[in-house]
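Peer 1: With the input below, show me the fold.
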Amino acid sequence: MSSRDLSVSPAAVGASCAVVGAGLGYWSAPEKYNLRQLLTQDPDVFEKVIKKTALDKANNIQKNAYQSIVDARKTVAEAVKNNKGDEKVTELLKSENLKNSFKDLRKLIPKARVQTMIIGAAVLGVLGALARIVFGDNTPKTK
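Peer 2: Now for the predicted structure:
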């Protein structure tokens, strides 16, 4: 049996590409949110970042941390009305209390890694399988 007799199915190529895509997606994804983003994002986005179901399961430290972030967001919103939003955010980012609250709350904040990993796996898996189907086995067949 020669190496030309060995055939790899599109599914196998797709699966191996999916594994590579998952690894690349996990490796390349950044943390999803930092403290500045939590303080300045729109209310509807903030509610999606820290879901109520996660808060219901949170411990008291995390609930207090969440409330500190919410209070700081209200302060930022008021400062924005007076055109002092950037100064207020800068001031709040220096606050040790708020930094500690963010650290306590960090476990409830989803990361982009899982999402990017899934997307990378899906995209590369499909592309690998399609490439195998389209390009097929271009080696000449000998009898």
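Peer 1: low pLDDT regions in this structure?
Peer 2: Where the chain drops to pLDDT under 70, the residues are 1-6, 28-32, 110-115, 137-143.
Peer 1: what's the longest helix in it?
Peer 2: If you go by DSSP state H, the chain has its longest helix at helix 112-135.
Peer 1: can you give me the offset of it from its chain's centre?
Peer 2: The chain centre lies 17 Å from the centre of helix 112-135; the measure is C-alpha atoms, centre = their mean, to the nearest Å.
Peer 1: list the helices and strands that helix packs on?
Peer 2: helix 10-28 (3 or more C-beta pairs under 8 Å, 6 or more residues apart in numbering; DSSP states H and E). From N, CA and C alone the C-beta is placed, and that goes for glycine too.
Peer 1: in the helix it packs on, what counts as buried?
Peer 2: Residues of helix 10-28 classed as buried by neighbour count (16 or more other C-beta atoms under 10 Å): Val13, Gly14, Cys17, Ala18, Gly21, Ala22, Leu24, Gly25, Tyr26.
Peer 1: Can you list the neighbours in contact with the very next helix or strand once past it?
Peer 2: Going down the chain from helix 10-28, the next helix or strand is helix 35-40, by DSSP states H and E. The contact list for helix 35-40 (C-beta atoms under 8 Å, 6 or more residues apart in numbering) reads 46, 49, 69, 72-73, 76, 85, 89, 92-93, 98-99, 102, 109.
Peer 1: what would those look like in JSON lines with neighbour count?
Peer 2: JSON lines is the format used below for these (neighbours: other C-beta atoms under 10 Å):
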{"residue": "Phe46", "neighbour count": "17"}
{"residue": "Val49", "neighbour count": "15"}
{"residue": "Ile69", "neighbour count": "21"}
{"residue": "Ala72", "neighbour count": "23"}
{"residue": "Arg73", "neighbour count": "17"}
{"residue": "Val76", "neighbour count": "19"}
{"residue": "Gly85", "neighbour count": "17"}
{"residue": "Val89", "neighbour count": "18"}
{"residue": "Leu92", "neighbour count": "20"}
{"residue": "Leu93", "neighbour count": "15"}
{"residue": "Leu98", "neighbour count": "20"}
{"residue": "Lys99", "neighbour count": "13"}
{"residue": "Phe102", "neighbour count": "22"}
{"residue": "Ile109", "neighbour count": "16"}
